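Engineer: no sequence on this one, just coordinates:
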């Protein structure tokens, strides 16, 4: 793919200023960093970063959906199957093989022999049955409970001996065992008491001693220094090996530094203090890092267009109406915003050209499931007419619309603090919407605070990164279904609150149940058309994905979805 970044003196100057501002933070953190890696780091220690502290080590909880916990889970745990991010196909993992019944409702899984958790305890079919029981227990309040249902009914899971598990689906399910990707199997011997007490949803919080956590992944947590770093060591009982029988993981240690500022993160990479940035490169990072790569001091990889994008979604739970702003709930208001924003200029300004205009929730990079929904034309006159149809006018001619009660047409957008693409994107939207009389305020919050506001429905709109758990729409039912816990604009509805959400629910249930690919494709295309028309969430650009590493990092094949390199962590190593 050809490079699409714009260059210029102004961009270079801004980068230098930002890096200089980050230097003080970086130098202040350096002694702690030196202490973390001093005396014992051999050639097989990799240092990477995270933007924020994990709110929990428990992937089964609502807080476990945040990226820090997702990444840590991938390092320390494993599932029965996994989707290979390169081939997009289901692979055997803890289950080495399975048979499917003639009606495609029952799967008989055979677990690998001799696997142990990182604390040395044997892994058996009882751990699988326990994990499903923990997820389905309503006291756990696990988002997986939504995902692991078909037609609203849970899977039936039974253990037979140590190595045989039967999973029976309540109804036909097109993607089959793909449903289980991303589901970590947890140790019954450590968590059974919590499940019995109804407190499993609170287990493995951020203050849990590392020795009380065990998994089946390539690493185990050795030390957690809150606000500073997490240190992982290789799991001595890990079950995977290389083609020649070489033990995995290939790394001895993996250090995750907590670096909330992306400029400081970039500075550390250039100084050789970290090996890998967890964040994909910002457009303004490209030129200085390309120069470093040309001199052999870094590696840069152009992966392609991202599957994941930033979304602007609105609070449609009823809070806006109660606050006297019913226009936030009206699809015409959201369509007006869509027509008011120049998506090409958005890609050029926010991403310096390293992005493609986008307007559907499903990225065009998802070539299997993306529907060809017409692009909303840039038409600010149409936007103004839509707003006028909602009785939003500018009686005093000051450029800011008012509603029928004389209140300003203004809303607040929450963004994650320190994420450049989010902050720049929200600022660009503010400037664009001002041209049609809509006022936008921006509030940058830490991730935990922002997600807390979302969970309590205490917000107008949020502009945040959406990370898909699967390319297949059936793997994201918690987003598409109105009852889903990740139905961003109005999660967990007991019944659909709108006619269009009821339509989407019905279409998605048919889509999931079908084993005919062409039928599934047509049904999901209709879902995308409805969601685009109602616009509960808006997309403006899909960025290109570039990653950078130190020259030491080898053995990886990057993918466009996060984590781009550590999606396959046991094969990554350093020279």
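Structural biologist: On my side now, so go ahead. Model, not experiment: these values are computed from the prediction.
Engineer: shaky segments in the chain?
Structural biologist: In the prediction, the chain carries residues with pLDDT under 70 at positions 1-43, 320-321.
Engineer: quick one: terminal-to-terminal distance for stretch 241-248?
Structural biologist: Here the two ends of stretch 241-248 are set 5 Å apart, with distance taken as Cα to Cα, to the nearest Å.
Engineer: Tell me which residues of that stretch come out buried.
Structural biologist: For stretch 241-248, a neighbour-count test (16 or more other Cβ atoms under 10 Å) marks residue 248 as buried. C-beta coordinates here come from the backbone N, C-alpha and C atoms, glycine included.
Engineer: Contacts for that stretch next, please.
Structural biologist: Stretch 241-248 has contacts (Cβ atoms under 8 Å, 6 or more residues apart in numbering) with 218, 238, 240, 250, 570-571.
Engineer: For residue 573, give the beta-bridge partners.
Structural biologist: residue 554 (DSSP bridges).
Engineer: tell me the contacts of residue 419?
Structural biologist: Taking Cβ under 8 Å, 6+ apart as the test, what residue 419 contacts is 51, 262, 465.
Engineer: right, and the last one touches residue 307 too?
Structural biologist: No: the pair residue 465 and residue 307 does not pass the contact test of Cβ atoms under 8 Å, sitting 11.5 Å apart.
Engineer: higher neighbour count, those two?
Structural biologist: Between residue 465 and residue 307, counted using other Cβ atoms under 10 Å, residue 307 has the larger neighbour count: 23 against 16.
Engineer: I'd assumed residue 365 was in contact with that one.
Structural biologist: Yes: with contacts defined as Cβ under 8 Å, residue 307 counts as touching residue 365 at a distance of 5.0 Å.
Engineer: shared neighbours of the two, anything?
Structural biologist: Joint contacts of residue 307 and residue 365 (Cβ under 8 Å, 6+ apart) are residue 560.
Engineer: How much space separates residue 165 from residue 108?
Structural biologist: 8 Å (Cβ to Cβ, to the nearest Å).
Engineer: Which of those two has more residues huddled nearby?
Structural biologist: residue 165 (25 against 16).
Engineer: Let me know whether that one touches residue 177 as I believe.
Structural biologist: No: the pair residue 165 / residue 177 is not scored as a contact, 11.4 Å apart, by Cβ under 8 Å.
Engineer: that's a strand at residue 532, yeah?
Structural biologist: No: secondary structure of residue 532 (DSSP: H, G, I helix; E, B strand; the rest coil): helix, not part of a strand.
Engineer: contacts for stretch 448-461?
Structural biologist: 52-53, 55, 62-63, 66, 312-315, 317-320, 325, 328, 411-416, 445, 462, 464, 488.
Engineer: buried subset of those?
Structural biologist: 52-53, 55, 62-63, 66, 312-315, 317, 319-320, 325, 328, 411, 413-416, 445, 462, 464, 488.
Engineer: Which residue ranges of the stretch 1-150 of the chain form strands?
Structural biologist: 45-50, 81-84, 89-92, 95-100, 106-111, 149-150 (DSSP state E, counting those that start in this stretch).
Engineer: Okay, buried residues for stretch 438-458 please.
Structural biologist: Using 16+ other Cβ under 10 Å as the test for burial, stretch 438-458 gives 438, 440, 442-445, 447-448, 450-451, 453-454.
Engineer: Relative to residue 189, how far out is the residue positioned nearest the centre of the chain?
Structural biologist: When Cα atoms, centre = their mean is applied to the chain, the residue found nearest the centroid is residue 467 (2.8 Å). Going from residue 467 to residue 189 by Cβ to Cβ gives 32 Å.
Engineer: residue farthest from the centroid of this structure?
Structural biologist: Of all residues in the chain (Cα atoms, centre = their mean), residue 396 lies farthest out, 43.9 Å.
Engineer: looking at it, residue 96 is touching residue 115, isn't it?
Structural biologist: No: Residue 96 is not in contact with residue 115 according to Cβ under 8 Å; the separation is 9.9 Å.
Engineer: the more surrounded of those two?
Structural biologist: Counted by other Cβ under 10 Å, residue 96 and residue 115 do not tie: residue 115 has more neighbours, with 20 against 14.
Engineer: How about the contacts made by the more buried one?
Structural biologist: Per Cβ under 8 Å, 6+ apart, neighbours of residue 115: 94, 122-123, 216, 237, 239.
Engineer: likewise residue 279?
Structural biologist: 49, 51, 262, 265.
Engineer: Confirm that the last one sits in a helix.
Structural biologist: Spelled out, that is residue 265. Yes: Residue 265: assigned to a helix according to three-state DSSP.
Engineer: Surely it and residue 258 touch.
Structural biologist: No: if you go by Cβ under 8 Å, residue 265 and residue 258 don't touch, sitting 10.2 Å apart.
Engineer: what is in contact with the two at once?
Structural biologist: Here residue 265 and residue 258 have residue 49 as joint contacts, going by Cβ under 8 Å, 6+ apart.
Engineer: of these two, who's got more company?
Structural biologist: residue 265 (25 against 18).
Engineer: Distance of that one relative to residue 342?
Structural biologist: 30 Å.
Engineer: Domain-wise, how is this structure divided?
Structural biologist: What the record gives for the chain is the domain set 9-57+217-306+550-574, 78-194, 309-543, from automatic domain parsing.
Engineer: Straight-line length of the longest one, end to end?
Structural biologist: Right, the one you point to is domain 309-543. Start-to-end, domain 309-543 (Cα to Cα) is 7 Å.
Engineer: what distance separates the start and the end of stretch 137-155?
Structural biologist: End-to-end distance (Cα to Cα), stretch 137-155: 13 Å.
Engineer: Run through who's touching that stretch.
Structural biologist: With contacts defined as Cβ under 8 Å, 6+ apart, stretch 137-155 is touched by 60-62, 64-65, 132, 134-136, 167-171, 173, 179-180, 183, 195, 198-201, 469, 475, 477-478, 481, 483-486, 509, 512-513.
Engineer: Show the buried residues in these.
Structural biologist: 60-62, 64-65, 132, 134-136, 167, 169, 173, 179-180, 183, 195, 200-201, 469, 475, 477-478, 481, 483-486, 509, 512-513.
Engineer: how far away is the residue nearest to residue 98 when sequence neighbours are not counted from residue 280?
Structural biologist: Spatial nearest neighbour of residue 98, excluding adjacent residues (Cβ to Cβ, 6 or more residues apart in numbering): residue 109 at 4.5 Å. According to Cβ to Cβ, residue 109 stands 35 Å off from residue 280.
Engineer: next one: residue 256
Structural biologist: 17 Å.
Engineer: Also residue 45?
Structural biologist: For residue 45, the distance to residue 280 - Cβ to Cβ - is 23 Å.
Engineer: so who does the closest residue to residue 56 other than its chain neighbours touch?
Structural biologist: Excluding its sequence neighbours, the residue lying closest to residue 56 (Cβ to Cβ, 6+ apart) is residue 63, at 4.6 Å. Residue 63 is in contact with 55-56, 69, 451, counting by Cβ under 8 Å, 6+ apart.
Engineer: So between residue 45 and residue 280, which is more surrounded?
Structural biologist: Taking neighbours as other Cβ under 10 Å, residue 45 and residue 280 compare with residue 280 leading, 21 against 18.
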